[in-house]
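**Q** coords please:
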Amino acid sequence: MKQLRMSAEEFRKQYGEKRSALKPGKKAKYSNEKIEVDGRGFHSKAEATLYHELKLRERAGEITNLRCQHHVRFKTEDHGKIHMIPDFSYEVVATGELRFAEFKGFETNDWLRKRKAWKVGGPAVLEVYKGKEGYVRCVEVITPGAP
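**A** The predicted structure follows:
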């Protein structure tokens with residue numbers, strides 16, 4: 001039987017240590033600049049800033065289990081099956097509540113559709129952040145099922 005998965009070591013051997021998502025000289029679709037922090041790749045400097053803020057909250061003991069790119073699947077009657085990958089997920093220490101955080105630099109039609117669906121049937125609270133490198137702020141807290 002053919003092996004469908006490869007180890008990280010096999011991948012690095014076959015494709016090299018680092019691969020850029022963009023070809024040299026090619027501009028990103030939304031003029032964002034990809035960046036790497038703590039060995040993790042982020043789509044923009046502002047998203048990396050949000051990661052830093054969440055890491056500070058984790059060190060302070062406010063949140064725990066900070067994860068990047070947590071795949072979420074849910075279904076609603078109006079929107080059907082939804083597959084979304086919020087930028088971050090974490091648990092609030094005081095309540096044990098799972099929360100998701102999403103940085104938005106540009107609102108696409110796909111995001112607007114997923115946002116509507118999350119309001120109806122998302123699995124947990126979703127915090128939406130906006131801002132620039134060095135400064136991000138929460139602009140919306142989406143609580144599923146809330147009017």
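**Q** From now on I want contacts and neighbour counts done on CA atoms only, so please keep to that.
**A** Will do.
**Q** Would you mind measuring from residue 54 to residue 76?
**A** Note on residue 54: its distance to residue 76, by Cα to Cα, to the nearest Å, is 29 Å.
**Q** show me what contacts the residue nearest the centre of the chain?
**A** The chain has residue 87 as the residue nearest its centroid, 0.8 Å off, counting by Cα atoms, centre = their mean. Listed by Cα atoms under 8 Å, 6 or more residues apart in numbering, the contact set of residue 87 reads 68, 69, 70, 100, 101, 102, 103.
**Q** And for the helix or strand harbouring residue 116, what's in contact with it?
**A** Here residue 116, judged by DSSP states H and E, is contained in helix 109-121. With contact meaning Cα under 8 Å, 6+ apart, helix 109-121 is reached by 74, 75, 76, 78, 79, 82, 84, 142, 143, 144, 145, 146.
**Q** Just the buried residues of those.
**A** Buried members of those, counted by 16 or more other Cα atoms under 10 Å: 75, 82, 84, 142, 143, 144.
**Q** so where's the longest helix in this protein?
**A** Secondary structure assigned by DSSP state H gives helix 45-59 as the longest helix of the chain.
**Q** Averaged pLDDT, the helix or strand following it. What do you get?
**A** Scanning forward in sequence from helix 45-59 by DSSP H and E, the next helix or strand is strand 63-68. On average, the pLDDT along strand 63-68 is 94.
**Q** now for strand 63-68, which elements pack on it?
**A** helix 45-59, strand 88-92 (3 or more Cα pairs under 8 Å, 6 or more residues apart in numbering; DSSP states H and E).
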